[in-house]
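Undergrad: Everything below, folded, please.
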Amino acid sequence: MTAFTRALSRTPVRRMSAVGVVAAGALLLSACGGDGDDMSGMDHGSGSGKSSASASAESGKSGGFNDADVMFAQMMIPHHQQALEMAKLADGRAADAGLKDIAGKIEQAQEPEIKTMTGWLESWNKPTAMESMPGMDHGAGGMEGMMSDEDMDELKAMKGAEFDKMFAQMMIDHHNGAITMAKNEQKNGEYTDAVKMAGDIVSGQSAEVKELKAILGRL
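TA: Just a heads-up that it's a prediction; the model follows:
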């Protein structure tokens, strides 16, 4: 049995679902309006970092934020970071031109989003890493679609068509996890820019899931 076969035959246990995370987080969401403290936004169109003064100037455009916005940013940052790690592995390993193109799109979209979300959390005086909660694992396996260290090690060891197949399946799972979290932000978030980014994630990654499924179908 090949390493890829073993990878695809594994049950979803290793890719622990964050349904519990999202559900537990939803219980924490308040119907609160904007926090009274200094809330500085960012110009999230460019995706590049800005000075604190510039961020403060933008704050009035996006309004207040709530717990859902904070959770969205804290969870999506490490989720995006792993997607970038996977995308960078395609260079020198992937064989399919379409898959290489998707990997490039992931890097172009998600690196700026990480900078933007980090800026939000800093302007809100919130930690950029999600604090642990009883019964909730926020490590690599504790969020929807996140890969385990073993998954990542197997992917790194592959090349060519074998890499393409495992990458496509893993990224489909990963994207679907991000879409789930983004839809939760659309439903419960308050910060205008965060809700907009969530919508962009849903539309952009849903389209890439379709492309990845088509690639799997021809490999």
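Undergrad: Please name every helix or strand in contact with the longest helix anywhere in the chain.
TA: The residue-count maximum for a helix in the chain (DSSP state H) belongs to helix 160-188. With contacts taken as 3 or more CB pairs under 8 Å, 6 or more residues apart in numbering; DSSP states H and E, helix 160-188 sits against helix 3-9, helix 19-28, helix 67-89, helix 97-123, helix 149-156, helix 192-218. Where you see a C-beta, it was placed from the backbone N, CA and C, and this is true even at glycine.
Undergrad: I'd like the mean pLDDT over it, please.
TA: For helix 160-188, the mean per-residue pLDDT is 97.
Undergrad: Now do that helix and helix 67-89, the angle between them.
TA: 170 degrees (axes from the mean of the first three to the mean of the last three CA atoms, to 10 degrees).
Undergrad: So, low pLDDT: which residues of this protein?
TA: Applying pLDDT under 70 to the chain picks out residues 1-62, 131-142.
Undergrad: quick revisit: what angle sits between the longest helix of the chain and helix 192-218?
TA: Going by the same axes, to 10 degrees, helix 160-188 makes 150 degrees with helix 192-218.
Undergrad: relative to helix 149-156, how tilted is helix 160-188?
TA: Going by the same axes, to 10 degrees, helix 160-188 makes 140 degrees with helix 149-156.
Undergrad: So for helix 160-188, what gets flagged as buried?
TA: 162-175, 177-182, 184-186, 188 (16 or more other CB atoms under 10 Å).
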